[in-house]
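Asks: mind folding the following:
(chains A and B)
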2 protein chains.
Amino acid sequence: MYPDITLRLPKWIAEEVRSPALCLPTLEERMAFVIRLAERNIQEGTGGPFGAAVFVQETGELIAPGINIVVASHCSLAHAEAVAIMVAQQVCGTFDLSADSLPRLELVTSAQPCIQCYGNIWWSGLQRLVVGASKADVERLTSFQEGPVPEDWVETLEHRAPLPSIRVIQNVLREAM
Amino acid sequence: MYPDITLRLPKWIAEEVRSPALCLPTLEERMAFVIRLAERNIQEGTGGPFGAAVFVQETGELIAPGINIVVASHCSLAHAEAVAIMVAQQVCGTFDLSADSLPRLELVTSAQPCIQCYGNIWWSGLQRLVVGASKADVERLTSFQEGPVPEDWVETLEHRAPLPSIRVIQNVLREAM
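Replies: The predicted structure is shown next:
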């Protein structure tokens, strides 16, 4: 009676991931990976200039990549961070990326989350957020807006009591945006 | 290489909608409909006690219903409001529910949007938001939390300049929660 909502990563993602067990030990390597996704997304015409991915914090094992596929998928929620979170939840078979069976997971994102992705991260179960470009960078360098992200967004994520905190690391490879 | 994200409304939705051109002229009728979806979602064991729907503002024509399907679909984004928005965007064939080809659309939701749905509404293209229960009602009557929704959330939606404003109407059938 109503259409399913189906979100699908484009085929070129496989060329960027190459190995099904891609492992990137440093934060800089992980950020370089998501920036490459953002660039390729533009080159391929598959979406906006944003990339993200969910990794195992400790080892850098890639769980799920994400890119902005808003226009192609007819879905205003399909920002890079949201796609990475949703694919990771499918890969892990749970809505809760903090489930006891899972290692500690993080989201690495090429740019500071907008108001939508901020809320998506809040309930995702992710335990760390690693950010490249700032809101000011995004709004200066692109036509995209971030919306009313609160000034104290880092503090709210890091102090979510009674929920576990989400650690935030900013400015990783920021100059590469 | 990575699984698709597929979100699907449960089969019982068809019994609640009955007519493919369901039209509910008053706000109270629209709210009663989404409250019924919330109740049925609990009875059927398909998700949390939240319902929402996208309607044509002027006529009350139902574009898309939504319910919370977070647990069943392994997707922390699948709150009732988000599902209604995403299904509506599939029905309309665009990520922008303000597209010129569309009539003015609204989201009717059984409860005040949480921090995630607040952000989802921000970029959806919806032009009006009709709310039943308040954040305080939700947090008193259920085990669900709303997250750091800003105190001035109504004002931010109604004054999104340079984006079009999103009108907010609260407390419709609030006592029915």
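
Asks: show me where pLDDT drops low in chain A?
Replies: A:177 (pLDDT under 70).

Asks: strands of chain A, start to end?
Replies: All strands of chain A, identified by DSSP state E, fall at A:5-7, A:51-56, A:62-67, A:105-111, A:128-133, A:167-169.

Asks: the fifth one near chain B anywhere?
Replies: No - legend: contact between strand A:128-133 and chain B by C-beta under 8 Å from any C-beta of the partner chain is lacking; minimum distance shown is 14.7 Å. In short, each C-beta sits where N, CA and C put it, glycine included.

Asks: quick revisit: wait, which of the strands of chain A is closest to residue B:74?
Replies: Closest approach to residue B:74 among those is made by strand A:62-67 (12.2 Å; C-beta to C-beta).

Asks: what lines up beside the closest one in the sheet?
Replies: Paired strands of strand A:62-67, with direction, are strand A:51-56 (antiparallel) (DSSP bridges).

Asks: gap between the partner strand and the chain center?
Replies: Centroid displacement of strand A:51-56 relative to its chain, using C-alpha atoms, centre = their mean, to the nearest Å, is 6 Å.

Asks: what lies in contact with that strand?
Replies: Contacts to strand A:51-56, defined as C-beta atoms under 8 Å, 6 or more residues apart in numbering or on different chains, come from residues A:24, A:30, A:33-39, A:41, A:61-67, A:80-81, A:83-85, A:87-88, A:97, A:103-110, A:126.

Asks: near chain B at all, the lengthiest helix in chain A?
Replies: Selection of the longest helix in chain A by residue count, based on DSSP state H, yields helix A:27-44. No - applying C-beta under 8 Å from any C-beta, one finds helix A:27-44 out of contact with chain B, separated by at least 12.5 Å.

Asks: for chain B, see how far away the nearest residue to residue A:42 once chain neighbours are set aside is.
Replies: Excluding the flanking residues, the one nearest residue A:42 by C-beta to C-beta, 6 or more residues apart in numbering or on different chains is residue A:49, at 5.1 Å. Counting by C-beta to the nearest C-beta, to the nearest Å, the separation of residue A:49 from chain B is 16 Å.

Asks: repeat that for residue A:4.
Replies: Where chain B is concerned, residue A:4 sits at a distance of 5 Å (C-beta to the nearest C-beta).

Asks: list the contacts of residue A:136.
Replies: Under the criterion of C-beta under 8 Å, 6+ apart, residue A:136 has no neighbours.

Asks: that one and residue A:146: what is the separation?
Replies: Noted for residue A:136: a distance of 9 Å to residue A:146, by C-beta to C-beta, to the nearest Å.

Asks: one step back: a markdown table please, covering the strands of chain A and showing mean neighbour count.
Replies: Converted to a markdown table, the strands of chain A look like this (neighbours: other C-beta atoms under 10 Å in any protein chain shown):
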| stretch | mean neighbour count |
| --- | --- |
| strand A:5-7 | 20 |
| strand A:51-56 | 27 |
| strand A:62-67 | 26 |
| strand A:105-111 | 28 |
| strand A:128-133 | 24 |
| strand A:167-169 | 16 |
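
Asks: out of those strands, the one nearest residue B:6 is which?
Replies: Residue B:6 lies closest to strand A:5-7 among those, at 5.1 Å (C-beta to C-beta).

Asks: what packs against the closest one?
Replies: The contact analysis (3 or more C-beta pairs under 8 Å, 6 or more residues apart in numbering or on different chains; DSSP states H and E) places strand A:5-7 against strand B:5-7, helix B:80-92.
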